[in-house]
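Novice: I need the structure of the sequence given here:
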Amino acid sequence: MRRRFDLLIAAAACAAMTIFMTWPQAMHMATYVASHQDPEFSIWRLGWLAHALASDPRHLFAGNIFYPSTNALTYSDAMLVEGVLAAPLFWLKLPPILVYNIVLFVGIAGSGLAAFVLARELTGRTMPALYAAAIFTMAPYRVEHYMHLELQWAMWIPLTFWALHVAMRRGGREATVPGLLAGLFLWLQIASCVYYGVFLVIAVVVFMLIAAIVSTKKVIAAMPALAIGGALAALLTAPYLWVYMSTARTMGPRDIGEIGLYSAQFWSYFASPPQNLLWGWSVMSPELNLWLGFSVMVAALSGALFYRSMSQRAVWAAVAVTAITLSFGLHTPVYRALIAIVPTLRGLRSPSRFAIVSCCAVATLGAFGMSAMQDLANRDRHRWARHLAPVFFALLILEYANTGMLLMDLSAEHPDEATVYKVMKSAGPGVAVELPMPTAGTLPGNDPDYEMWSLTHWHPIVNGYSGYYPPDYIETLARMETFPDDESVARLKRLDVRYVIVHCKFYVIGKDPDGRDRDECPGLLARIGGRPELHAYGKYTDAYGAPAYLFVMNP
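Specialist: Residues are numbered from 1 along each chain as shown. The predicted model follows:
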């Protein structure tokens, strides 16, 4: 009963910390998202999975973007777990933005609660476990990646390690259930975030190697159960991996220069996102702000040096050092050697995201440090130490406080009320292209909007926004720069395009010398009108209520 009560307290605390860290997001759950294109992309991913699960699960990875590409969902993280959990909310007709923010909050708070479970198992104490939960819930790394939904779903990392610890503690037949859970949690992390799944596999290997050295008997006793769990994870992952491998063969590996650009540097661990109240001045490039907090590092170092269990200290210090080292990516020979051994790493753009594993390890070491402080306070001659725990909690809150999350308002967009999509949907199936399209040098342009708005009709669209851009799409962008000339119209015909939508709102590109809007839409519409291949279907409204013209390509 005490454990259940502690779990409820921890869940409430993690929810409160999530609200605190993301403020003022909680006040705008149905209208605001992080100021970035990725939330719109994630809303599309969640919506597509709900649509596919209800209509055609066999083509779950197809996606309706980048037509005629296949398996477009695998051009980035498919977020299967998040999508399955969000599907009932879409089926209940909840607003997509609200669904997205609910899933986002569950990911953050759930990760903190999982860190609590792990630290509670290791220390046997509630206060240190809450400290670990606070670190894993509110670490500046989460602020840095607030726009990336899948990167907030990290709860399976501490739960995998929790299951490993329980299996080693029990040993023999009693280790079977936690061994299976370890494999299940590992697979769930892969299905929630491929990045973290790959990183977790590497971290688990390091964890088991060090554990085999410092706790040999426990590892041997639990090994049969853990082997079964590993087999379960491999079996569940194989179909998922096969789809991604097929896409990788088509798209090719990441450019090595791009991987280097998103590899952490020494100063990354002293840099914080600009929203951080105390350390926001120490900003580096995007994704390279990995500061964990001075007080947190002191607590973690105390845990690594003074916690009562030397074997646990050794294991978690090794995991922390490994994760930090690998986050440096191509800036360290260790990663360069590893990327040659594990080809999957060549498809991951940002090695700096290894920092999520170091967050988990540092949170665990911080719990060890908090537990060591409590041990010190329990000694008669060190009663002063009883103040250490509240002081470190207060310092953590101070170092993790934000000036306010950078958000954008999507309340002006009402794609479900856009008459152009209603008419297109009623006119029957067909491939659509939405204009204006970006150029290859101005990606993504308005494509994230078109992608999110496609939830209202689910027609295949030539446009798209994802982690990869298929070569065919880049070629299409080049051809469409001169639309509607012969070459661009021929390109649309080859793509089997039936519908062309022109969003006039996006063709207003500033002011002329007289202060009037410089609107390129009338000239474009006149040129389109001169093409016999394009039939004017009518003038309607888009998601903003602005004029949108629908044209139908003649056979």
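
Novice: in the helix or strand hosting L524, what's buried?
Specialist: Assigned by DSSP states H and E, L524 belongs to helix 521-529. If you call a residue buried by 16 or more other Cβ atoms under 10 Å, then helix 521-529 has these buried ones: C521, L524, L525, I528. For the C-beta atoms, the positions are set from N, CA and C on the backbone; glycine is no exception.

Novice: which other residues reach it?
Specialist: Judged by Cβ atoms under 8 Å, 6 or more residues apart in numbering, the contacts made with helix 521-529 from elsewhere in the structure are L435, P484, V500, V502, C504, Y507, V508, L534, A536, P547, Y549, F551.

Novice: any idea how far the fifth one lies from V33?
Specialist: Here the criterion is Cβ to Cβ, to the nearest Å. By it, C504 lies 25 Å from V33.

Novice: what about the two, which has more around it?
Specialist: More crowded of C504 and V33, by other Cβ atoms under 10 Å: V33, with 25 against 20.

Novice: who does that one bridge with?
Specialist: With DSSP bridges applied, the residues forming beta bridges to V33 are M408.

Novice: which pLDDT value does the model give it?
Specialist: Turning to V33, the model gives it a pLDDT of 98.

Novice: go on, R381?
Specialist: The score at R381 is 65. That number is its pLDDT.

Novice: for R169, grab the count of nearby residues.
Specialist: Other residues close to R169 by other Cβ under 10 Å number 16.

Novice: could you pull up the mean pLDDT of the strand or helix carrying it?
Specialist: R169 belongs to helix 156-170 when elements are defined using DSSP H and E. Helix 156-170 carries an average pLDDT of 97.

Novice: name the helices or strands packed onto that helix?
Specialist: Where contact means 3 or more Cβ pairs under 8 Å, 6 or more residues apart in numbering; DSSP states H and E, helix 156-170 is packed against helix 96-123, helix 176-192, helix 194-214, helix 216-251, helix 355-377.

Novice: re the thing from before, now, of the contacts of helix 521-529, which are buried?
Specialist: Among the contacts of helix 521-529, those scoring as buried are L435, P484, V500, V502, C504, Y507, L534, P547, Y549, F551 (criterion: 16+ other Cβ under 10 Å).

Novice: most widely separated two among the residues you listed?
Specialist: Of all pairs drawn from the buried ones among the contacts of helix 521-529, the greatest distance, 18.1 Å, lies between P484 and P547 (Cβ to Cβ).

Novice: for I97, see how far away the residue nearest the centre of the chain is.
Specialist: Computing the C-alpha centroid of the chain and ranking residues by Cα atoms, centre = their mean puts E150 first, at 2.4 Å. The spacing between E150 and I97, counted by Cβ to Cβ, is 17 Å.

Novice: give me the domain ranges for the protein.
Specialist: Following automatic domain parsing, one gets these domains for the chain: 2-30+95-407, 415-553.

Novice: isn't Y473 up against S466?
Specialist: No: in this structure Y473 lies outside contact range of S466 using Cβ atoms under 8 Å: 9.7 Å.
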